[in-house]
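Student: structure for the following, please:
(2 chains)
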Amino acid sequence: MKKYYYLLLVLLITISCTKDGAKTSSDYSSGGGKGGSLARFAIAGNYLYVVNHSNLQVYDITDADKPINKATKSLGWDIETIFAYDQKLFIGSSSAMFIFDITDPASPKQESRVQHFRSCDPVVTQGTIAFVTLRGGSTCGGAANALMVYDVKDTKNPVLKTQLPLTRPYGLGIQDSALYVCDAEKGLAVFNIKNPEQPKLLKYIEDGDTYYDVIPYHGVLIAYVKNGVRFFDINKPQEPVSLSALMN
Amino acid sequence: MLRTVTLLLVAIAFCGCDFRLFELRERDRMPPEPPPVGIVDTYVPIYASEDAEELKITTLAARPTAKAGKIFVLGTRLYQVEEDSGIHIIDYSDKAKPVKIGFLNVPGCKEVALKGDNIYTNNFEDMIILDLSASPEVKVKSRVANVFPELRYSSVYYSHNRPSNVFYLECPDYSKGRIVRWEVKKVNNPKCRF
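Tutor: Numbers count the residues shown, from 1 in each chain, chains lettered A, B, ... in the order given. Model prediction:
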């Protein structure tokens, strides 16, 4: 009996680990590399998705010597970021979040477009929840600064679950039950997302630096800050420990 | 026809589109805007002729970071954009002591992504794929023209770490060659602004 109990325990742990290690933008984007949430490139398999100011462009990069343009989709104006996750593309513009399906990688199909107030907005997702930061101010119009949490279980119909105030947010990243949000001069905000629909602010890392974007990668959090990069140990995701900084 | 034009105008009026880039060029032709603002922080364009050394795509020695940009990680290498001018290559095998090991000179650079030995980036408005397999030699594997038309003039507007308190520009003169970057300088009564 005891044996079965242990077996069950091991099984449970395996399942929960698998879930935690769910595909992120880049694991999925192959080659094992990973970009930040402010990226305008997303690589998935043999396809490169590029967003410029107004379009989504699809390239077959099977032969890097000869990328082939497969599709171009007009998305309006002020497109900012793209994030690939589990057969979907999440695109942030200054007025909306778009979700595209890339089951057929050469021709993304738009599934939804969620309008929000005017501001800048990278998107990251995990499971069925999408996190979006909105930044107001001079370059992006609008006055709102917030973290928006959407349920995207039905990608055709995202539902806004929560909206939390921030100061001047840029990029963001997820590791297991932790969400890191770069809040510019205010520092790096660490949220507990055990219950992803209701992120809980744990703390701000305030070291005087200005945070723009983060990449959680193999137990390390790499942050793009004003004059360079900072590294944190995130083996305990909710408790990042500063390792080093490379400035100038 | 008239109906289509009207519809288009209405659409433009309501979409909240961003014509700042357009506006910027439009303003080049406009007379100075009164009143004078005195000596203020201003973006000044830095020009280079098309055959200039600094416009070449090549590997250079590690250099200090002046305008940190986007990042991409692969294995124990971190790549960080130096806005408008290239990509720092950082080895962080020792996470407590990351070191710069080189610099890819890519004028107009804003973006970076990797797949294997290929670096995807932009050279002003063009997307380029660089081959790192013969590093430190770097080869432009392919170039796709005009993927980022808005970056043709190394736009300061699209720099997301643009200091928000600088609103003035020295009006660009495109006959002087490529604008390789913009520098913030003190200028007396700049004639262009965001």
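Student: pLDDT below threshold where in chain A?
Tutor: Residue ranges of chain A with pLDDT under 70: A:1-31, A:116-120, A:137-143.
Student: for the residue sitting nearest the centre point of it, which residues are in contact?
Tutor: What sits nearest the mean C-alpha location of chain A, by Cα atoms, centre = their mean, is A:V124, with 2.3 Å. Applying Cβ atoms under 8 Å, 6 or more residues apart in numbering or on different chains, we find A:V124 in contact with A:S25, A:S37, A:F83, A:Y85, A:F90, A:A130, A:F131, A:L172, A:G173, A:I174. In short, each C-beta sits where N, CA and C put it, glycine included.
Student: who's the closest residue to the last one other than its chain neighbours bridged to?
Tutor: The spatial neighbour of A:I174 that comes closest, neighbours along the chain excluded (Cβ to Cβ, 6 or more residues apart in numbering or on different chains), is A:Q126 at 4.9 Å. Note on A:Q126: beta-bridge partners by DSSP bridges are A:I129.
Student: count of residues packed around A:Q126?
Tutor: For A:Q126, the tally of surrounding residues (other Cβ atoms under 10 Å in any protein chain shown) stands at 21.
Student: how much space separates it from chain B?
Tutor: Here A:Q126 is placed at a distance of 18 Å from chain B (Cβ to the nearest Cβ, to the nearest Å).
Student: I'd say that residue and A:Q175 touch.
Tutor: No - with contact taken as Cβ atoms under 8 Å, A:Q126 and A:Q175 are classed as non-touching, separated by 9.4 Å.
Student: dump the helix or strand that contains A:G173 to PDB, restricted to CA.
Tutor: Following DSSP states H and E, one finds A:G173 within strand A:172-175. What follows is strand A:172-175 as a C-alpha-only set of coordinates in PDB (Å, rounded to 0.1, in the frame of the first residue of the first chain):
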ATOM      1  CA  LEU A 172       7.300  41.300 -18.300                       C
ATOM      2  CA  GLY A 173       8.100  37.700 -17.900                       C
ATOM      3  CA  ILE A 174       6.900  34.500 -16.100                       C
ATOM      4  CA  GLN A 175       8.600  31.700 -14.200                       C
END
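Student: what ranges do the helices span in the chain?
Tutor: With no chain named, the answer covers chain A. Under the criterion DSSP state H, chain A carries helices at the ranges A:2-20, A:25-28.
Student: chain B, not that one
Tutor: B:2-15, B:20-28.
Student: contacting residues around stretch A:70-81?
Tutor: Contacts with stretch A:70-81, where a contact means Cβ under 8 Å, 6+ apart, come from A:37-40, A:47, A:51-60, A:91-96, A:98, A:100, A:106-108, A:110, A:120-123, A:140, B:15, B:17-18.
Student: pretty sure B:S49 contacts B:R178?
Tutor: Yes - taking contacts as Cβ under 8 Å, B:S49 lies within contact range of B:R178: 7.5 Å.
Student: neighbour-wise, which of the two wins?
Tutor: A direct count of neighbours by other Cβ under 10 Å for B:S49 and B:R178 places B:R178 higher, at 21 against 10.
Student: so that one makes contact with B:E54?
Tutor: No - with contacts counted by Cβ under 8 Å, B:R178 stays clear of B:E54, the gap being 9.5 Å.
Student: what is in contact with the two at once?
Tutor: With contacts defined as Cβ under 8 Å, 6+ apart, the residues shared by B:R178 and B:E54 are B:A48, B:P107.
Student: neighbours of the closest residue to A:Q57 other than its chain neighbours, how many?
Tutor: Across the structure, with Cβ to Cβ, 6+ apart as the measure, the residue nearest A:Q57 apart from its sequence neighbours is A:V50 (4.6 Å). In terms of burial, A:V50 registers 26 neighbours under the definition other Cβ under 10 Å.
Student: ranking by neighbours, what's the top pick from the contacts of A:V124?
Tutor: The member of the contacts of A:V124 surrounded by the most neighbours (other Cβ under 10 Å) is A:S37, with 31 neighbours in all.
Student: so who does that one touch?
Tutor: Going by Cβ under 8 Å, 6+ apart, A:S37 touches A:T81, A:F83, A:P122, A:V123, A:V124, A:G171, A:L172, A:G173, A:D213, A:V214.
Student: so what does it have for phi and psi?
Tutor: phi -80, psi -10 (degrees, to the nearest 10).
Student: next: the one 3 residues further on.
Tutor: Dihedral angles phi and psi of A:R40 (degrees, to the nearest 10) take the values phi -110, psi 0.
Student: list the buried ones in stretch B:76-94?
Tutor: Within stretch B:76-94, the residues that qualify as buried are B:77-90, B:92, counting by 16 or more other Cβ atoms under 10 Å in any protein chain shown.
Student: that should have said stretch A:66-85, apologies.
Tutor: Of the residues in stretch A:66-85, those buried by neighbour count under the rule 16+ other Cβ under 10 Å are A:P67, A:K73, A:L75, A:G76, A:D78, A:I79, A:E80, A:T81, A:I82, A:F83, A:A84, A:Y85.
Student: give me the beta-bridge partners of the second one?
Tutor: Think A:K73. Applying DSSP bridges to A:K73, the residues it is bridged with are A:L56.
Student: next one: the last one
Tutor: Counting by DSSP bridges, A:Y85 forms beta bridges with A:K88.
Student: can you pull the contacts of residue 130?
Tutor: I'll assume chain A. Residues counted as contacts of A:A130 (Cβ under 8 Å, 6+ apart) are A:F90, A:M97, A:V123, A:V124, A:V149, A:Y150, A:V152, A:P158.
Student: nope, chain B
Tutor: The neighbourhood of B:L130, defined by Cβ under 8 Å, 6+ apart, consists of B:I57, B:L104, B:V106, B:N118, B:I119, B:T121, B:V138, B:K139, B:V140, B:K141.
Student: are any of the residues you listed buried, and which?
Tutor: The buried subset of the contacts of B:L130 - by 16+ other Cβ under 10 Å - is B:I57, B:L104, B:V106, B:N118, B:I119, B:T121, B:V138, B:K141.
Student: filter the residues you listed by proximity to chain A?
Tutor: When those are filtered against chain A using Cβ under 8 Å from any Cβ of the partner chain, the residues retained are B:N118, B:K141.
Student: could you dump the buried ones among the contacts of B:L130 into TSV with pLDDT added?
Tutor: What follows is those, written out as TSV (pLDDT from 0 to 100):
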residue	pLDDT
B:I57	96
B:L104	97
B:V106	97
B:N118	96
B:I119	97
B:T121	98
B:V138	94
B:K141	97
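Student: run through the bridge partners of residue 182.
Tutor: If you meant another chain, say so; for now it's chain A. A:L188.
Student: wrong one, chain B
Tutor: B:W182 has the following beta-bridge partners by DSSP bridges: B:P45.
Student: then the one 5 residues further on?
Tutor: Counting by DSSP bridges, B:V187 forms beta bridges with B:V40.
Student: which residues does B:G108 contact?
Tutor: Shown here is B:G108, whose contacts under the criterion Cβ under 8 Å, 6+ apart are B:D84, B:S85, B:N122, B:N123, B:F124, B:E125, B:L151, B:S154, B:R178, B:V180.
Student: perfect, I'm done here.
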